[in-house]
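Sequence and predicted structure below; questions after.
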Amino acid sequence: MTAFASTTQLANRVGKDSFSGANETRASAILEDTSAFIVSECGRDWATGSVPADVVAVCLRVAQRTFNNPDMYVWQQAGGFSVRLPDQLATQIFTAGELLILRRHRTSKRGGLWTLETTRGDDLEGTGYVPVEGHYDPFPVYGESDYYNQYGDHYRGSRPY
């Protein structure tokens, strides 16, 4: 997979002119991993050169965090100085703001829980009902004129309650 950003762009973000040797290899791997995570989140891949600027920015922000803090420390102390990062950075790849940006580029705008209607708008008047053992409510099965309702073991008409 081709990374969405270059190692030179990442080097500029971490305050260097360029990477060399092991840092170049590490930066390249981080950018490729970050790009793969973005593809997974968005459900799509972009052709080289057509990646939206905000997606590239997210890629670089995540790669910078990973480059600077590969073990994802949330608290560090050096002498009298200590720093604590938000816990969300230790458990997630993307921050909430980055996810909002990436969700705008999803292939499917539908997310979360949804329902799928499985009827054709059939009128339920005249539907037959089958008794369900252990339950008060019968289960709707056939219309009165349905061939399979000929056995007479279905309730006719409206619900019995």
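Here it is on my side, so go on.

C-terminal to the helix or strand containing Leu10, which secondary structure element comes first?
If you go by DSSP states H and E, Leu10 is part of helix 7-13. Using DSSP H and E, the helix or strand that follows helix 7-13 towards the C-terminus is helix 22-42.

Can you spell out which helices and strands pack onto that following helix?
Contact here means 3 or more CB pairs under 8 Å, 6 or more residues apart in numbering; DSSP states H and E; on that basis helix 22-42 packs against helix 7-13, helix 53-68, helix 96-103. Just so you know, the C-beta spots here come from the backbone N, C-alpha and C atoms, and that holds for glycine as well.

let's go with 6 Å and repeat that
On a contact count with 3 or more CB pairs under 6 Å, 6 or more residues apart in numbering; DSSP states H and E, helix 22-42 meets helix 7-13, helix 53-68.

ok now that helix, how far from the chain's centre?
Centroid displacement of helix 22-42 relative to its chain, using CA atoms, centre = their mean, to the nearest Å, is 18 Å.

So for that helix, what gets flagged as buried?
Within helix 22-42, the residues scored as buried using 16 or more other CB atoms under 10 Å are 23, 27-28, 30-31, 33-35, 37-38, 41-42.

Fine by me, thanks again.
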